[in-house]
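Peer 1: I'll drop the sequence and a predicted model, then ask my questions.
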Amino acid sequence: MPFTAPVTRATDFLVTAAIWNAEHVDNFNTAVMHLMVRKTADESVVSSTVQQNDDVLFFAVAANEIWRFELMLITTGTFDFAGQMTFPSGRIDGSAIATSGAGTIALTNLGSNSSPSLQWVARCDSTTVPRTHSVYGIFANGGSAGNLQLQWAQGTSGATATIVKANSTLWAVRLA
């Protein structure tokens, strides 16, 4: 239902279920849902290229919902970062913008009809100088509820930890 503007009523007006639903319940359901998730602690991976679920950067989606999302990842390490998004069903479209191993800006398409999304690799070449990576897209879920989830690992396995730093964020807004 579309948004219904509430009306000022007389003090002796009787509220029916239809009026209540139109002015309150339906309006609540049409409100756009915003979501912000922030990492409060560093998370690291050592000597592994196996994709693992991020401890914090995910959110639940109901069947047939459509979401716009954006990740801002802050990473350190001496081995590249490799990421992907997993989801229950549907389609994901988007891009990852990051510095490549060659030091140039790389744009990677994430588009996929099946989980996980296409994988992106971002440069991690310092344990002290953080790198930022931006990932954004649209996720149109299918008929199964579940999580839209960041997964990540080292791009190349190594003994120095690849770290997704505190204050990395996931922002999302439900479109439908």
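Peer 2: Received it, and whenever you're ready, just let me know what you need.

Peer 1: low-confidence ranges, this structure, go.
Peer 2: Residue ranges of the chain with pLDDT under 70: 1-7, 20-32, 100-103.

Peer 1: what segments of it are strands?
Peer 2: Listed in chain order, the strands of the chain (DSSP state E) span residues 34-38, 43-45, 52-61, 66-77, 81-86, 91-99, 105-109, 120-122, 126-140, 146-154, 162-164, 169-174.

Peer 1: and the contacts of the last one?
Peer 2: What that stands for is strand 169-174. 32-39, 56-59, 65-72, 148, 150 (C-beta atoms under 8 Å, 6 or more residues apart in numbering). For every residue, glycine as well, the C-beta is placed using N, CA and C.

Peer 1: before we move on, back to that, using a markdown table, lay out the strands of the chain together with mean neighbour count and distance to residue 14.
Peer 2: Formatted as a markdown table, the strands of the chain follow (neighbours: other C-beta atoms under 10 Å; distance: least, C-beta to C-beta, whole Å):
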| stretch | mean neighbour count | distance to residue 14 |
| --- | --- | --- |
| strand 34-38 | 12 | 35 |
| strand 43-45 | 18 | 56 |
| strand 52-61 | 17 | 39 |
| strand 66-77 | 20 | 38 |
| strand 81-86 | 23 | 50 |
| strand 91-99 | 20 | 47 |
| strand 105-109 | 14 | 57 |
| strand 120-122 | 23 | 58 |
| strand 126-140 | 16 | 42 |
| strand 146-154 | 21 | 43 |
| strand 162-164 | 24 | 56 |
| strand 169-174 | 17 | 34 |
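
Peer 1: of all those, which one is nearest residue 11?
Peer 2: Closest of these to residue 11 is strand 34-38, at 35.6 Å (criterion: C-beta to C-beta).

Peer 1: now do that closest one against strand 66-77, angle only.
Peer 2: Angle of strand 34-38 versus strand 66-77, following axes from the mean of the first three to the mean of the last three C-alpha atoms, to 10 degrees, is 10 degrees.

Peer 1: chain center to strand 34-38, what's the gap?
Peer 2: Chain-centre distance of strand 34-38: 9 Å, with C-alpha atoms, centre = their mean, to the nearest Å.

Peer 1: got the contact list for it?
Peer 2: With C-beta under 8 Å, 6+ apart, strand 34-38 has contacts from 56-59, 167-174.
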